[in-house]
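> Predicted structure and sequence below. I'll ask about it afterward.
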There are 4 protein chains.
Amino acid sequence: MKNSMKIGVLTSGGDSPGMNAAIRAVVRACEYQGVQCLGIYRGFQGLIEADFKELNARSVKNIINRGGTFLKSARCDEFKNSKGRKKAYDNLINENINALVVIGGDGTFKGATAFQKEFNFPIVGIPGTIDNDINGTDYTIGYDTALNTVVEAIDKIRDTANSHNRLFLVEVMGRDAGDIALNAGIGAGAEEILIPEQDMGLERLLESLDKSKKSGKTSSIVVVSEGDQIGKNIFELAENIEKNLKNYEVRVSVLGHIQRGGAPSCYDRVLASRLGVGAVDALLNGETNVMVGIVHNKVKLIPFAEAIKSSNQFDVSLVRVADIISI
Amino acid sequence: MKNSMKIGVLTSGGDSPGMNAAIRAVVRACEYQGVQCLGIYRGFQGLIEADFKELNARSVKNIINRGGTFLKSARCDEFKNSKGRKKAYDNLINENINALVVIGGDGTFKGATAFQKEFNFPIVGIPGTIDNDINGTDYTIGYDTALNTVVEAIDKIRDTANSHNRLFLVEVMGRDAGDIALNAGIGAGAEEILIPEQDMGLERLLESLDKSKKSGKTSSIVVVSEGDQIGKNIFELAENIEKNLKNYEVRVSVLGHIQRGGAPSCYDRVLASRLGVGAVDALLNGETNVMVGIVHNKVKLIPFAEAIKSSNQFDVSLVRVADIISI
Amino acid sequence: MKNSMKIGVLTSGGDSPGMNAAIRAVVRACEYQGVQCLGIYRGFQGLIEADFKELNARSVKNIINRGGTFLKSARCDEFKNSKGRKKAYDNLINENINALVVIGGDGTFKGATAFQKEFNFPIVGIPGTIDNDINGTDYTIGYDTALNTVVEAIDKIRDTANSHNRLFLVEVMGRDAGDIALNAGIGAGAEEILIPEQDMGLERLLESLDKSKKSGKTSSIVVVSEGDQIGKNIFELAENIEKNLKNYEVRVSVLGHIQRGGAPSCYDRVLASRLGVGAVDALLNGETNVMVGIVHNKVKLIPFAEAIKSSNQFDVSLVRVADIISI
Amino acid sequence: MKNSMKIGVLTSGGDSPGMNAAIRAVVRACEYQGVQCLGIYRGFQGLIEADFKELNARSVKNIINRGGTFLKSARCDEFKNSKGRKKAYDNLINENINALVVIGGDGTFKGATAFQKEFNFPIVGIPGTIDNDINGTDYTIGYDTALNTVVEAIDKIRDTANSHNRLFLVEVMGRDAGDIALNAGIGAGAEEILIPEQDMGLERLLESLDKSKKSGKTSSIVVVSEGDQIGKNIFELAENIEKNLKNYEVRVSVLGHIQRGGAPSCYDRVLASRLGVGAVDALLNGETNVMVGIVHNKVKLIPFAEAIKSSNQFDVSLVRVADIISI
């Protein structure tokens, strides 16, 4: 069976550091297992346009340390309707591809599920997104790197906060999940952390900042998740604080896209390597419609249906730690 | 004369990486030369409030690698009128301080000049600002570090730009001087660089981006100086590009305050060490009303009047290099 | 009971990045819980010499991002005999300290166990070592940072390896545990990884390198754990390779002490914060003779006796991943 | 004349960060000027073996931020005799290459000079080496990056030195030139700096370290240039210090090859871009047998004969600064 196998691999959705390491692992696991591997450019769009390229072990050298994805990624509205998906299917059949590895987030897995239902085509997913908002895996590829990027950026901002006795509001990514804000906030020594899962309310924030000032703190960092619910946006929040707390000089910093890029951390490279190998193992074992995740440091398979469930869970014990160490 | 000497040192204006290294050098040069040294907290404000602390060689250990300024900095409107300056003078006299080293930018040197005129008090300045907008010195302390910070940030953004075939507008600091934009733009391989000294005009920018796309470039970075003159701001510029160039997906990233902080580069540490030693040398030689700068890799003295002249010069040859290598 | 509580905290053994974050969390958890906290300098040596200092929430500001330990660490032969330990005990009683948090590795926990047995003194440990060689916890504080440091260093070395078509042997820390070598080796894309837990043998290494060259690889990295068993040391190994494989130009790089220092990664800061809070929780709950560890991302208590067991386990599945992705 | 021009570019000698940026600038300047450009792999060896590849503006995308040289480098004994050089010449003529840009250090320029004398072939050099040991240019490409790498490494080592009250001897590159040691030593806050240009002598070093200890310093870093003259090597020096100064615990760290690699600093990227453009300008102006260097921040031409002169100069004022700030 192996001999007739030909696996296609693509990245889709927002890029994340470690996607290249995952592609590399898929490609090399294919070569190791004696199956062919085809790279599909620009995600589902490239599937529809038959933008393919054969890949072997040497094609993926010197990319484990690079951010982004050399297969590129793209939005693809066409794949959302069955006509587009049919084109994609025809291209796969034409090219004799008989299994897919898709690397991305929940949008990617939703697309894969729809495709899988229509054509009963073997697909295994790998969670690649900095947001860590995929259910059923402890970590997504790129999340650990993004945490380090955020913490390094806030370390720099704190130099200025300390030098000028200022309050900085720092916006980090995470529209639905506060994982980045909560962990990077603890790591950066933030005084307050605002996450979408929990509405602190403006009043409690003001109280806390006031108390913090009175306790002798001369500068403060507040980490704000994109999806936070206090006010319209971070600039309005800044105004509200300056209006209410006269003794604070407030500055805003929106970290933005630097959070998506950069050389992946060791953890993300190892995770990506394990999941890439695991995805090829899974396909060779006849698995489909599942994501390869990491649970308690072991590679596990999780049905797509499970993975795309929004969990909105967050680690309450971490919130307690954040409260204690910002005393 | 030495024995009776007591030098006060302060940092003022926006903080910059290497200010701590400069303070350390001033303090240790004082100890080396056998003169006393007093740290003045929060710039001119601390001078007015007599917020002083004796410093010796051991007080400044383990700070050469830290961003910001441990003496802190602050705006000080009071120092802008003669009543405030008189208070400051009285405090200096009370404390037997008979010379000052002020580390900062042109605002700092203007304040120092006014003070010097009124009280004929020995003052030497050290240029500390990331903007490199001080006349008469090839480099200001913090500028080299800021360039590296910007370039590292854009390297990360380019990962995403490449992965998604996007155009990114990246705003960097520099209200009046395009030095950061021009050098970091070349270093980051930007396709276009917009600086305050030269108004490119929207049309020429659009033309150039269009040509760039047609030449086969799939992603682009445009580095925009804060003080750039196209449009109201960078967000309006982004809208204008998307409106006029249909094939571009545009994103904006405002790097903001991360540019001010961080561990100083080796160059900034060495520069700060040389200028700190040079400032104490100058005061011991009876100099006053001058800035210690670096010209052609040698420590030089430049009158404050010269240093605060706005030059609006920029290196035309660099603009040519930028044009050629972004082909 | 709380009101009468006074907790001493010390760091012992080799320093690791995140120790400062752990101390900070212990100190702030004490303040949060309303118990006093005393810093003990230079580990067990400072215990014997009564080198103590009161710490409060403000004493530990701006240290979460710093490598090393501001409480310092030291070897202490005196604590290995009961006379020394008696002195330490007397000092604790004199100072009204009635519980200890010790941060370090297995040597630290062995000392703590001996002390605990003799005086029935409440002690809780926190695993701080880059080697990840403590039983019963998934991670030790500093390990994740060390992995990133190693991977960044090898990324640099690979630039030269690639440019010159060379083979580099890179020695990393880990006398008894190959965790750093195995994970950083995968992360750095090493062709071979030599760990103490598994003797590959010179012949198999030579065979593999020869095969690698023939497969078209022009440069190679071999990551070698300190405790590896091929030959006397890494320099002899290099000679053996050059002697046996004529087409290889070999260079050696011993990464050494850079692996111990540096700003901790976000993961290590969060881990240290959680374990520091957990240690104080444990003492307040009447626990003793246990280490606070992290198991499956939850804070757990592990008896010292269990923690210091040498396990010599390693993740066989990781070795397979390493083999596959270096194809 | 332009139309018939075809420029070959190669890198030779030890690689240095920024070489890729220089190649990129040469290639794009060629395209800008309308002349053809050919990449020559593995330095002079590739010249002899006709290992050529056409390069255009798109061939050099995404390399400005990468260490090493994608054209690779190699030692080439064959180019040292006229027979080898004749082969190289024939290949150039066959390929219609009528000018060369060589990027490297003094070995490279010596080879170029010999070749130029025999065949009167237009050659322009670009100084690429981390050692900054080329005469007639203020900076060589890669030097600034290497300084930052060394300073970051020593910052990490200092964490451990501080935590354990130890003395670290850190060996840095520079067989003949102490520029790296002197500048990185100042930047890293070293207590002593040993450079090849000045023999301090063991006794004076011991005296100074002893005095340093007595002044209250608890840890120390001594930066040692490869070419330093005290003792046989750094390990012997460590033994000598431990033997003579009982109160010091000494450790050795040899930084080695990490100094050659890594993403180039902004300065090196800009410098490489300017010199690359300058080299093509020079060839188009009919220049030959010269190096393009940077003097007082301006691009200048320096005859090879001048560039390869060993100068053994060092900045005495920097030694004074080092002495003062390590007080």
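Yep, it's here.

> where does the stretch 51-200 of chain A have low pLDDT?
Along the stretch 51-200 of chain A, no part satisfies pLDDT under 70.

> So which bits of it are right by chain C?
Neighbours of chain C within the stretch 51-200 of chain A, by C-beta under 8 Å from any C-beta of the partner chain: A:57-58, A:61-62, A:64-65, A:138, A:144, A:147-148, A:150-152, A:155, A:158, A:162, A:183-184, A:186-189. All C-beta atoms are positioned from the backbone trio N, CA, C, and that covers glycine.

> how's chain A carved up into domains?
The record's domain parsing of chain A by automatic domain parsing lists A:6-142+A:264-307, A:143-260.

> What pLDDT is listed against the residue nearest to residue A:5 when sequence neighbours are not counted?
Leaving aside its sequence neighbours, residue A:5 sits nearest to residue A:35 (C-beta to C-beta, 6 or more residues apart in numbering or on different chains; 4.0 Å). Predicted confidence (pLDDT) for residue A:35: 97.

> now swap in residue A:314 and tell me
With respect to pLDDT, residue A:314 scores 81.

> now residue A:7, nearest residue through space, not along the chain?
residue A:99 (4.9 Å).

> Just to check, that neighbour is in contact with residue A:119?
No: counting by C-beta atoms under 8 Å, residue A:99 stays clear of residue A:119, with 12.0 Å between them.

> burial measure for residue A:117, as a count.
11 (other C-beta atoms under 10 Å in any protein chain shown).

> Tell me if I am right that it is in a helix.
Yes: counting by DSSP: H, G, I helix; E, B strand; the rest coil, residue A:117 is located in a helix.

> separation between the residue lying closest to residue A:95 once chain neighbours are set aside and chain D?
Nearest non-adjacent residue to residue A:95, counting by C-beta to C-beta, 6+ apart: residue A:52, 6.0 Å away. Here the distance between residue A:52 and chain D works out to 21 Å (C-beta to the nearest C-beta, to the nearest Å).

> before we move on, back to that, among residue A:99 and residue A:119, which residue is more densely surrounded?
The residue with more neighbours, out of residue A:99 and residue A:119, is residue A:99; 23 against 16, by other C-beta under 10 Å.

> if I look at the more buried one, how far off is residue A:33?
12 Å (C-beta to C-beta, to the nearest Å).

> go on, residue A:145?
28 Å.

> Those two - which one has more neighbours?
When neighbours are counted by other C-beta under 10 Å, residue A:145 and residue A:33 differ, and residue A:145 comes out ahead with 29 against 17.

> quick one: whichever strand or helix holds that one to helix B:143-164, angle?
Element membership of residue A:145, judged by DSSP states H and E, is helix A:143-164. Interaxial angle of helix A:143-164 relative to helix B:143-164 (axes from the mean of the first three to the mean of the last three C-alpha atoms, to 10 degrees): 150 degrees.

> Any residue of helix A:143-164 touching chain B?
Yes: residues of helix A:143-164 are located near chain B by C-beta under 8 Å from any C-beta, namely A:149, A:153, A:155-160, A:162-164.

> need the residues you listed in TSV with neighbour count, can you?
Converted to TSV, those look like this (neighbours: other C-beta atoms under 10 Å in any protein chain shown):
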residue	neighbour count
A:149	27
A:153	26
A:155	23
A:156	22
A:157	26
A:158	25
A:159	27
A:160	27
A:162	22
A:163	26
A:164	24
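
> Say whether chain D is contacted by the helix holding residue A:145.
No: on the criterion C-beta under 8 Å from any C-beta, helix A:143-164 is out of touch with chain D, staying 12.8 Å away.
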